[in-house]
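Enquirer: fold the following.
(one chain, ligands or ions: 3)
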Amino acid sequence: MCGIVGIVSTSNVNQSLYDALTVLQHRGQDAAGIVTFQDERFYLRKDNGLVRDVFRTRHMRRLVGNVGIGHVRYPTAGSSSSAEAQPFYVNSPYGITLAHNGNLTNADDLSQDLFRTDLRHINTNSDSEVLLNVFAHELQKLGKLNPTKDEIFAAVKAVHKRCKGAYAVIAMITGYGIVGFRDPNGIRPACYGTRETDEGTEYMIASESVALSAAGFTLVRDIEPGEAVYIETDGTLYTQQCADKPHLIPCIFEHVYFARPDSIIDKVSVYKARLRMGETLADKVLRERPDHDIDVVIPIPDTSRTSAMQMAHRLGVKFREGFIKNRYIGRTFIMPGQKMRKKSVRQKLNPIDLEFRGKNVMLVDDSIVRGTTCEEIVQMARDAGARNVYFASAAPPVRYPNVYGIDMPSAHELIAHDKSVEEICEIIGADWLVYQDLEDLITCVNDVNPEIESWECSVFDGNYVTGDIDNAYLERIDALRNDKSRSASNGDDEDNGIIDLHNDED
Ligand SMILES: O=P(O)(O)OC[C@H]1O[C@H](OP(=O)(O)OP(=O)(O)O)[C@H](O)[C@@H]1O
Ligand SMILES: NC(=O)CC[C@H](N)C(=O)O
Ligand SMILES: [Mg+2]
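Expert: Numbers count the residues shown, from 1 in each chain. Ligands and ions are numbered 1, 2, ... in the order given. Sure thing, here's the model as predicted:
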């Protein structure tokens, strides 16, 4: 679930890109990158690490130009090597750089086609490098020395025909402009906005609206599924629908966990949706145990706060901050490797004993995925002296792998995969476990925007909307990307040299 941003400005874009990436950091903590363009040259800085660590003053000084794109990465394909940090670059045609959020489901086939038919070499295992080369090849085929919006949109159309899966993309074409587009189902989010200056209107395309507001831009609208938004370097904007049968089916997990609550995605305020999730969860609690004995509702920071607060309100029970979050530890779920995730839960959260001692506590999380957080947390609540420890999840049981840009490749690593709620309750050591029902979750998001007819809910119901996912595919990505095989293949190889643009001294 990476974060992407692109800006066409009237002055240097480096600081605005940096600011946008810092507020998209929650979408990817592994690597960060910015590429800008000025006087026929790209200027690139990318590496593994958080935004604040990757970009030093000396890098920022080199990132000159009024046009640029940026990326924060949470790997879902290939490895976590710095060679796969984004944006990616290809020199022909024109010189194109690209930032991608999502995951292609036919990257292997495309990679073969690119080599055998299009005579293009892919140098990493990243699906994003494949996507860039498909786009570049389709643009090259049109054979124009000066591409216009028509060629750009034609290339996006061809990408939609060849690529399957989820992709929100921003590409920069040397000297011409930036183009942002979403896959025909709009699984991953992308929006754009404007900032007025004395020199003219500036544009930003980004994964979440929060990136716009943080950099002083005003949200215009979401990019439609299948649509492309092309902004030339002089600030002229063109939009066009590039898919034959676009149909909005956005990822519901953005609203559960990924997105920031202060973002608005596909006209859904994430904050409002999470408040609703708290209400419906409270209703479920009351359905299961009308005469419950919950003394206090305690959120598991950070993401569950909004739902937990509203759940307590609906139940008429006290809401208390029983766990304090270490502000210097990032999100644990998107960390690579189970060992690191497990260790980080204890480093990240610490209980305030007096909120637990002798009480029946209802702990609330936004979701239970691998069970890393809740197993630790239930024990911490008991150690802090709780009488009974109840647990509620604002999302339904996560039972199926994700293939659209969330790194959950293996069903066996999901705590709820083949288990009943009672069995999960026993494993996590709780006295009562309540999950949100999927119909209720869908109602929550649809209450905020009733126009969205379908949601991408595969992690909950195993229904993959792109229609190309079968058991053989799921078995293949499981074998390739489960925790064990990844730690054996040592993807975090620091010595991995980057074959890329050479203007980036450390
Ligand atoms: O069952 P698990 O595999 O542990 O995954 C679910 C947990 O991971 C996430 O928290 P995370 O620490 O990533 O981020 P947050 O601070 O935004 O809640 C999520 O909010 C849950 O707490
Ligand atoms: N989470 C994402 O959007 C990942 C983008 C891309 N598939 C990568 O692994 O780098
Ligand atoms: Mg959490």
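Enquirer: buried stuff in stretch 299-319?
Expert: Across stretch 299-319, burial judged by 16 or more other CB atoms under 10 Å covers 299-312, 314-315, 317, 319. All C-beta spots, glycine's among them, are computed from the backbone N, C-alpha and C.
Enquirer: apologies, that question was intended for stretch 11-22.
Expert: Under the neighbour-count criterion of 16+ other CB under 10 Å, stretch 11-22 has 12-14, 16-22 buried.
Enquirer: any chance of the residues you listed in a markdown table, with secondary structure, pLDDT and distance to Asn103 too?
Expert: Listed next are those as a markdown table, based on DSSP: H, G, I helix; E, B strand; the rest coil; pLDDT from 0 to 100; distance: CB to CB, whole Å:
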| residue | secondary structure | pLDDT | distance to Asn103 |
| --- | --- | --- | --- |
| Asn12 | coil | 97 | 33 |
| Val13 | coil | 97 | 27 |
| Asn14 | helix | 97 | 29 |
| Ser16 | helix | 97 | 28 |
| Leu17 | helix | 97 | 24 |
| Tyr18 | helix | 97 | 26 |
| Asp19 | helix | 96 | 27 |
| Ala20 | helix | 97 | 22 |
| Leu21 | helix | 98 | 20 |
| Thr22 | helix | 97 | 24 |
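Enquirer: which helix of the chain spans the most residues?
Expert: helix 270-288 (DSSP state H).
Enquirer: quick one, what contacts the residue of the chain found nearest ligand 2?
Expert: Here the residue of the chain nearest ligand 2 is Cys2; by CB to the nearest ligand atom that distance is 3.6 Å. Counting by CB atoms under 8 Å, 6 or more residues apart in numbering, Cys2 touches 27-28, 71-74, 86, 99-102, 207, 405.
Enquirer: out of the residues you listed, which are inside helices?
Expert: Using DSSP H, none of the contacts of Cys2 sit in helices.
Enquirer: circling back to that earlier point, of the buried residues of stretch 299-319, which belong to helices?
Expert: In this view, the buried residues of stretch 299-319 that belong to helices under DSSP H are 305-312, 314-315.
Enquirer: which one among those gets closest to Pro261?
Expert: Closest approach between those and Pro261, by CB to CB: Thr306, at 5.4 Å.
Enquirer: and the nearest residue to Ile187 once chain neighbours are set aside, what is it in contact with?
Expert: Sequence neighbours aside, Ala166 is the residue nearest to Ile187 in space, at 3.8 Å (criterion: CB to CB, 6 or more residues apart in numbering). Neighbouring residues of Ala166 by CB under 8 Å, 6+ apart: 102-104, 183, 185, 187-188, 251, 404-405, 466.
Enquirer: average pLDDT across stretch 396-408?
Expert: Computed over stretch 396-408, the mean pLDDT rounds to 96.
Enquirer: and it with ligand 2, contact?
Expert: Yes - on the criterion CB under 6 Å from any ligand atom, stretch 396-408 is in touch with ligand 2 at Gly405.
Enquirer: low-confidence ranges in this protein?
Expert: 488-506 (pLDDT under 70).
Enquirer: near ligand 1, which residues of it show up?
Expert: 257, 300-303, 331-334, 365-374.
Enquirer: list the contacts for Arg486?
Expert: Arg486 touches 79, 336-337, counting by CB under 8 Å, 6+ apart.
Enquirer: what does Asn326 give?
Expert: Asn326 neighbours (CB under 8 Å, 6+ apart): 347-350.
Enquirer: do the same with Leu441
Expert: Applying CB under 8 Å, 6+ apart, the residues near Leu441 are 252, 256, 277, 280, 394-396, 457, 460.
Enquirer: and if you look at Gly429?
Expert: 375, 378-379, 382, 389 are the contacts of Gly429 under CB under 8 Å, 6+ apart.
Enquirer: would you mind giving the contacts of Arg486 as a markdown table with neighbour count added?
Expert: Listed next are these as a markdown table, based on neighbours: other CB atoms under 10 Å:
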| residue | neighbour count |
| --- | --- |
| Ser79 | 20 |
| Pro336 | 19 |
| Gly337 | 14 |
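Enquirer: with secondary structure and distance to ligand 2 as new columns, can these be given to me in a markdown table?
Expert: Converted to a markdown table, the contacts of Arg486 look like this (DSSP: H, G, I helix; E, B strand; the rest coil; distance: CB to the nearest ligand atom, whole Å):
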| residue | secondary structure | distance to ligand 2 |
| --- | --- | --- |
| Ser79 | coil | 9 |
| Pro336 | coil | 11 |
| Gly337 | coil | 15 |
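Enquirer: and the strands in the stretch 51-200 of the chain?
Expert: For the stretch 51-200 of the chain, the strands defined by DSSP state E, counting those that start in this stretch cover 67-73, 88-90, 96-104, 165-173, 177-182, 191-197, 200-206.
Enquirer: any chance of CSV for the ones you listed, columns distance to ligand 2?
Expert: Shown next, in CSV, are these (distance: least, CB to the nearest ligand atom, whole Å):
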stretch, distance to ligand 2
strand 67-73, 5
strand 88-90, 9
strand 96-104, 4
strand 165-173, 8
strand 177-182, 13
strand 191-197, 16
strand 200-206, 14
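Enquirer: how about CSV for the ones you listed, with distance to Asn125 added?
Expert: Formatted as CSV, those follow (distance: least, CB to CB, whole Å):
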stretch, distance to Asn125
strand 67-73, 14
strand 88-90, 12
strand 96-104, 12
strand 165-173, 15
strand 177-182, 23
strand 191-197, 30
strand 200-206, 27
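Enquirer: how about these, which one is nearest Val445?
Expert: strand 191-197 (16.7 Å).
Enquirer: packing partners of that closest one?
Expert: For strand 191-197, the packing partners by 3 or more CB pairs under 8 Å, 6 or more residues apart in numbering; DSSP states H and E come out as strand 200-206, helix 209-214, strand 218-222.
Enquirer: what helices and strands are in contact with the second one?
Expert: Contacting helix 209-214 under the criterion 3+ CB pairs under 8 Å, 6+ apart are the following elements: helix 14-23, strand 191-197, strand 200-206, strand 218-222.
Enquirer: repeat that for the shortest one.
Expert: Applying 3+ CB pairs under 8 Å, 6+ apart, one finds that strand 218-222 makes contact with strand 191-197, helix 209-214.
Enquirer: ok, His412 - contacts?
Expert: 478, 482.
Enquirer: in a helix, it, correct?
Expert: Yes - in this structure, His412 lies within a helix as judged by DSSP: H, G, I helix; E, B strand; the rest coil.
Enquirer: make residue 1 into 481 and carry on from there
Expert: Understood, numbering begins at 481; the last thing we discussed is His892.
Enquirer: and the gap between it and Tyr880?
Expert: According to CB to CB, to the nearest Å, His892 stands 12 Å off from Tyr880.
Enquirer: likewise for Asp702?
Expert: Asp702 is 26 Å from Tyr880, by CB to CB.
Enquirer: go on, Val939?
Expert: Taking CB to CB, one finds Val939 at 6 Å from Tyr880.
Enquirer: again with Ala579
Expert: In terms of CB to CB, Ala579 sits 28 Å off from Tyr880.
Enquirer: neighbour count for those two, which is higher?
Expert: Ala579 (32 against 21; other CB atoms under 10 Å).
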